[in-house]
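In: Just to be clear, the model below is a prediction. Sequence and coordinates:
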2 protein chains.
Amino acid sequence: MTSDVPPKRSRAENVYQALRDAILEQNLKPGTKLSEDIIAGEFKVSRTSVRAALQQLRGDGLVDHQANRGAFVAEPSAENARDIFSLRRMLESEVIRRLAGNLKPDDVKRLRKHVEQEERAQPVNGPLSIRLAGEFHILLAELTGSQVLTRFVSETVSRSSLILARFARLHSSECAVDEHVRIIAALQAGDASAAEALMLHHLESVAVRADLRAPNSDGDTAAILKRYARALPT
Amino acid sequence: MTSDVPPKRSRAENVYQALRDAILEQNLKPGTKLSEDIIAGEFKVSRTSVRAALQQLRGDGLVDHQANRGAFVAEPSAENARDIFSLRRMLESEVIRRLAGNLKPDDVKRLRKHVEQEERAQPVNGPLSIRLAGEFHILLAELTGSQVLTRFVSETVSRSSLILARFARLHSSECAVDEHVRIIAALQAGDASAAEALMLHHLESVAVRADLRAPNSDGDTAAILKRYARALPT
DNA sequence: CATACAATGATTGTGTACAATAATGTACAC
DNA sequence: GTGTACATTATTGTACACAATCATTGTATG
């Protein structure tokens, strides 16, 4: 440790982290309105800081910003979802190829540590484990040493969380941890193609949880109401 | 045309566009300090808007933001440069594969139009042609219809401009337009592998212009000073 | 009854003032 | 003469107040 002094994050950054976590843990669901006033009041900071945080989230594609209307947690379309999963396959395959056989002892240690965290969070099967599952993939990308690749993986993984929040039938991620373990093993063994196959299978099992034909609940309020409309007397 | 009413861009967005163009046209060189006050004065807007623009640029990786110090045009390291070119090869190969044989007539029209612009700007061989050359690649990505892929290509291409500004021996992009034309032809012919080869060759010829061993002028001030330090009497 | 229009309300966009922080210049002690 | 501590200055970080904008609602009219 190099005398870990917390780098004194700005308030905007704190708000950003908090909101991001909330979104990734699916406590803020797609479509939720993120009012600057309300958030500012809740976090006891000025709207200025909240604005900065929201803009950054917009940059990550996690929130949509409508002019003079406000910010909302992004609602990826089905098409968008397919797009993102497709890119994820490409990006994470690359990660695996770069990592296979090149994991340093320290890397393995970090991965194992993370998986342990996942296992501890598992019984809860709640928000935390959802976020950790995603962060495993980001950690893998980090280990490649490529900042840009990490960035791209991070973005696609984050948005995958949104997609699952919107489309997933049931968000049990039981199998995930197991698959993570096996991926680590394959990487350590230097078996590139096996690792890649595992990863692709893993991603497939994530994607398959999403039924892209029907969004979960509050897709369009209008769409929901339409389903109830016929119950009314004509 | 669908009655092109300019969508009334916010001031922050205007500043963002202007700064981005200036950076991509290499009029603002890597390392340049972007003082909020000065920019605000120059654009006749408040620092608030400038701040928003700078933050967005930071999101694009075009500026580095140091806490309480200010924003600077990013100075990609040699390592970073290799990283980005590597990712570019991957991303743009994907673009080509998706596009080959799938170009709609309208798409071809847009591409030709863009190339014409490039040709007109060519004699100048100045800032504009540099930016247009990059935007050709972004346009290709757009035609895939994948928002995320477009975003990633856009980011890597933009940062490539920065890299060339920092490392390129001479920034003559004479050959580029020719190569762009040939890529279009191959795509239209549906010859995927030829198109991909052309693109990779094209990217290679861009990358080779950069001598990653020696940054153009103001690299790390510290690094430069170190080279001069031994000239001093001990 | 549907449609067009005007008033209203709420929310974001922008500017300005102040606080916090880091870099720089200066004086002093050794 | 050199190094350190302190004061100064410049720049960013934050808060707040006001203006602009859009959505909504209510009202009148065909």
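Out: Alright, I've got the coordinates.
In: At the geometric centre of chain A, which residue sits there?
Out: Taking C-alpha atoms, centre = their mean, the centroid of chain A lies closest to residue A:158, which sits 2.6 Å from it.
In: quick one: that residue from residue A:138, how far?
Out: Residue A:158 sits 8 Å away from residue A:138, going by C-beta to C-beta, to the nearest Å. Placement of C-beta: from N, CA and C, glycine included.
In: Ok, residue A:119 next?
Out: The gap separating residue A:119 from residue A:138 is 18 Å, by C-beta to C-beta.
In: Quick one: name the residues of chain A near DNA strand D.
Out: Along chain A, the residues adjacent to DNA strand D under the rule C-beta under 7 Å from any atom of the strand are A:10-12, A:45-49, A:52, A:67-69.
In: Take the residues you listed and keep only those in helices.
Out: A:11-12, A:47-49, A:52 (DSSP state H).
In: Save those residues as CSV, and put in neighbour count, distance to residue B:176 and pLDDT too.
Out: CSV is the format used below for those (neighbours: other C-beta atoms under 10 Å in any protein chain shown; distance: C-beta to C-beta, whole Å; pLDDT from 0 to 100):
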residue, neighbour count, distance to residue B:176, pLDDT
A:11, 16, 45, 90
A:12, 20, 40, 90
A:47, 14, 46, 94
A:48, 14, 43, 94
A:49, 20, 44, 94
A:52, 20, 38, 93
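In: how deep is residue A:159 tucked in, by neighbour count?
Out: The local packing of residue A:159 (other C-beta atoms under 10 Å in any protein chain shown) involves 25 other residues.
In: Who are the contact partners of it?
Out: Under the criterion of C-beta atoms under 8 Å, 6 or more residues apart in numbering or on different chains, the contact list for residue A:159 reads A:61-62, A:74, A:76, A:84, B:148.
In: And those, which of them are buried?
Out: A:61-62, A:74, A:76, A:84, B:148 (16 or more other C-beta atoms under 10 Å in any protein chain shown).
In: Which single one of these is nearest to residue A:167?
Out: residue A:76 (8.4 Å; C-beta to C-beta).
In: Hmm, residue A:162 and that closest one touching each other?
Out: Yes. With contact defined as C-beta atoms under 8 Å, residue A:76 reaches residue A:162; the gap is 5.5 Å.
In: okay, and the common contacts of those two?
Out: Common neighbours of residue A:76 and residue A:162, counting by C-beta under 8 Å, 6+ apart, are residue A:30.
In: Residue A:157 sits in which helix or strand?
Out: Taking DSSP states H and E as the definition, residue A:157 sits inside helix A:147-167.
In: picking that back up, export the contacts of residue A:159 to a markdown table and tack on pLDDT?
Out: Formatted as a markdown table, the contacts of residue A:159 follow (pLDDT from 0 to 100):
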| residue | pLDDT |
| --- | --- |
| A:61 | 92 |
| A:62 | 94 |
| A:74 | 93 |
| A:76 | 92 |
| A:84 | 96 |
| B:148 | 96 |
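In: Out of the residues you listed, flag the one nearest to DNA strand D.
Out: Lowest distance from DNA strand D to the contacts of residue A:159 (C-beta to the nearest atom of the strand) belongs to residue A:74, with 18.0 Å.
In: what residues are up against the closest one?
Out: A:30, A:61-64, A:159, A:162.
In: which one is it nearest to, not counting chain neighbours?
Out: The shortest distance from residue A:74 to any non-neighbouring residue, by C-beta to C-beta, 6 or more residues apart in numbering or on different chains, is to residue A:64 (5.0 Å).
In: Could you check how far the one you found is from residue A:198?
Out: Distance, residue A:64 to residue A:198, by C-beta to C-beta: 34 Å.
In: Would you check that residue A:192 makes contact with residue A:98?
Out: No. Taking contacts as C-beta under 8 Å, residue A:192 lies outside contact range of residue A:98: 9.4 Å.
In: For residue A:119, give its distance to residue A:132.
Out: Relative to residue A:132, residue A:119 is positioned 10 Å away (C-beta to C-beta).
In: same question, residue A:30
Out: Taking C-beta to C-beta, one finds residue A:30 at 20 Å from residue A:132.
In: now do residue A:44
Out: With distances taken as C-beta to C-beta, residue A:44 is found 28 Å from residue A:132.
In: out of those two, which sits in the more crowded spot?
Out: Taking other C-beta under 10 Å, residue A:44 and residue A:132 do not tie; residue A:132 has more neighbours (24 against 7).
In: Residue A:104: neighbour count?
Out: When neighbours are defined as other C-beta under 10 Å, residue A:104 has 9 of them.
In: and it, what are its phi and psi?
Out: When read as degrees, to the nearest 10, the backbone of residue A:104 gives phi -80, psi 160.
In: Now do the same for it: its pLDDT.
Out: Looking at residue A:104, its pLDDT is 95.
In: ok, now the one 3 residues further on?
Out: With respect to pLDDT, residue A:107 scores 96.
In: which stretches of chain A aren't confidently modelled?
Out: For chain A, applying pLDDT under 70 flags the ranges A:1-8, A:123-125, A:170-175, A:213-234.
In: Get me the contact residues on chain A for DNA strand C.
Out: With the criterion set to C-beta under 7 Å from any atom of the strand, chain A comes near DNA strand C through A:8, A:34-37, A:47-48, A:51, A:65, A:67-71.
In: What's the PyMOL line that selects buried ones from the residues you listed?
Out: Of the residues of chain A next to DNA strand C, the buried ones go into a single PyMOL selection, burial set by 16+ other C-beta under 10 Å:
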select buried, chain A and resi 34+36+51+71
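In: For the residue in chain A that DNA strand C sits nearest to, which residues count as its bridge partners?
Out: At 3.3 Å from DNA strand C, residue A:70 is the closest residue in chain A, using C-beta to the nearest atom of the strand. Beta-bridge partners for residue A:70, by DSSP bridges, are residue A:66.
In: Enumerate the residues of chain A near chain B.
Out: Those residues of chain A that sit near chain B, judged by C-beta under 8 Å from any C-beta of the partner chain, are A:7-8, A:10, A:48, A:51-52, A:55-56, A:59-61, A:67, A:80, A:83-84, A:86-87, A:90, A:94, A:146-149, A:151-152, A:155-156, A:159.
In: related to what we said a few turns ago, same list, the contacts of residue A:159, but as CSV with secondary structure please.
Out: Formatted as CSV, these follow (DSSP: H, G, I helix; E, B strand; the rest coil):
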residue, secondary structure
A:61, coil
A:62, coil
A:74, coil
A:76, coil
A:84, helix
B:148, helix
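In: residues contacting residue A:203?
Out: Residue A:203 neighbours (C-beta under 8 Å, 6+ apart): A:85, A:88-89, A:92.
In: that older thread, need the contact list for the residue nearest to residue A:74.
Out: So residue A:64 contacts A:58, A:71-75 (C-beta under 8 Å, 6+ apart).
In: one more time with 10 Å
Out: A:30-31, A:34, A:57-58, A:70-76 (C-beta atoms under 10 Å, 6 or more residues apart in numbering or on different chains).
In: One more: residue A:59?
Out: For residue A:59, the contact set (C-beta under 10 Å, 6+ apart) comprises A:155, B:55-56, B:58-60.
In: Quick one: the strands in chain A, in order.
Out: A:33-34, A:63-66, A:70-73 (DSSP state E).
In: Output the second one as CSV, nothing but the C-alphas.
Out: This file holds the C-alpha atoms of strand A:63-66, laid out as CSV (Å, rounded to 0.1, in the frame of the first residue of the first chain):
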residue,chain,number,x,y,z
VAL,A,63,-29.2,8.2,-18.5
ASP,A,64,-31.0,10.0,-21.2
HIS,A,65,-31.2,13.7,-21.2
GLN,A,66,-34.1,15.4,-22.8
